[in-house]
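> What would the 3D arrangement of this be:
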Amino acid sequence: MAAWIHGKVVDHKRWNEKLHTLYIDAAIEPHQAGQFVKIGLEIDGEIIGRPYSLLNPPRHTPLEIYYIHVPQGQLTPRLIQLEAGDDILVSPRANGFMVLDEIPQAKHLWFMATGTGVGPFLAILDEGKLWARFERVVLVYAVRTLSELSYQERIAALAAANPERFAFVPFISRETWPFAQPGRIPQAIENGSLEMAAGTPIRAEDSHFVLCGNPAMVEDVTQCLIGRGFKKHRRRDPGHITTESYW
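This is a model prediction of the structure:
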């Protein structure tokens, strides 16, 4: 199988000076919601590629990736220059285990993300298959400033379509907004404010957590939950916490 296929940029959305979404027309193989592909460009005679989660549910086009500009990086300083019609390379097959089939049964499903880690959760939510398995889904989305809280319209549409079964709890750590929780997620778990904001109890007997984003958040929340009787989930040893770090 070829390592890359050719794609075309069809749109480029700039949320702020750092956060961007690329929409790409590329004929990849069928994928599962929550998986990622590699995106690449030829730079100085060498193909530079990095993995990015797909925000578009399966069978929805174009491909959609949400990324942060890293000025000192090799790839993103070139990605931010792309416009509709530009060529781009895409891996032909998506990969990754942050998919619904890998999440064990529970009553309440908690998605916890920082920054661009919200991507796979949006794909899984938009696909809609999870509503047949979970009574209530909570999306916790932590950023530093309001300008980093992307995809608000998409999340609002999910809330409107599932008013009794979906809760959205945004965290903004460096600004104060009345609709958002202050500070960090682990502290909100410890003091009970997250459960209150979500209207959902945090209990090992009926909850599963999926964490994606900043490794510090993933580690701190994991340890906080372990202290409350949760354990990490593995195929051979089922538990309550599924994790994926983004760097």
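> Can you list the low-confidence ranges for the protein?
1-2, 245-247 (pLDDT under 70).
> Which residue, other than its chain neighbours, is closest to Tyr52?
In this structure, Tyr52 finds its nearest non-sequential neighbour in Ile65, 4.0 Å apart by Cβ to Cβ, 6 or more residues apart in numbering. C-beta: built from backbone N, CA, C; applies to glycine.
> correct me, but that neighbour touches Leu22?
Yes. Ile65 is in contact with Leu22 according to Cβ atoms under 8 Å; the separation is 5.2 Å.
> Pull up the overlap in contacts between the two.
Listed as contacting both Ile65 and Leu22 by Cβ atoms under 8 Å, 6 or more residues apart in numbering are Ile39.
> By residue count, which strand of this structure is the longest?
strand 5-14 (DSSP state E).
> name the helices or strands packed onto the following helix or strand past that one?
Using DSSP states H and E, the helix or strand that directly follows strand 5-14 along the chain is strand 19-25. If you count contacts as 3 or more Cβ pairs under 8 Å, 6 or more residues apart in numbering; DSSP states H and E, strand 19-25 packs onto strand 5-14, strand 63-68, strand 87-90.
> switch to 10 Å and redo it
strand 5-14, strand 36-43, strand 63-68, helix 76-79, strand 87-90 (3 or more Cβ pairs under 10 Å, 6 or more residues apart in numbering; DSSP states H and E).
> which one of those lies closest to Ala123?
The closest of the helices and strands packed on strand 19-25 to Ala123 is strand 63-68. By Cβ to Cβ, the value is 8.4 Å.
> Taking strand 19-25 as reference, get the angle to that closest one.
160 degrees (axes from the mean of the first three to the mean of the last three Cα atoms, to 10 degrees).
> send the alpha carbons of strand 63-68 over as PDB?
C-alpha atoms of strand 63-68 as PDB (Å, rounded to 0.1, in the frame of the first residue of the first chain):
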ATOM      1  CA  LEU A  63     -11.900  15.200   5.800                       C
ATOM      2  CA  GLU A  64     -11.500  17.700   8.700                       C
ATOM      3  CA  ILE A  65      -8.500  18.200  10.900                       C
ATOM      4  CA  TYR A  66      -8.100  20.600  13.800                       C
ATOM      5  CA  TYR A  67      -4.500  21.600  14.600                       C
ATOM      6  CA  ILE A  68      -2.400  24.100  16.600                       C
END
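> Next up, the contacts around Val118.
53, 55, 66, 111-112, 125, 139-143, 149-151, 154-155, 212-213 (Cβ atoms under 10 Å, 6 or more residues apart in numbering).
> and stretch 36-46, how far from the chain's centre?
Mean-position distance between stretch 36-46 and its chain equals 22 Å (Cα atoms, centre = their mean, to the nearest Å).
> Also stretch 74-86?
21 Å.
> Buried residues, that stretch. List them.
Leu75, Thr76, Leu79, Ile80, Leu82, Asp86 (16 or more other Cβ atoms under 10 Å).
> Any chance you could list what contacts that stretch?
By Cβ under 10 Å, 6+ apart, stretch 74-86 touches 7-12, 14, 17-18, 20, 22-25, 39-44, 46, 48-50, 52, 65, 67-71, 73, 88.
> Can you give me the domain boundaries for the protein?
As assigned by automatic domain parsing, the chain contains the domains 5-90, 100-245.
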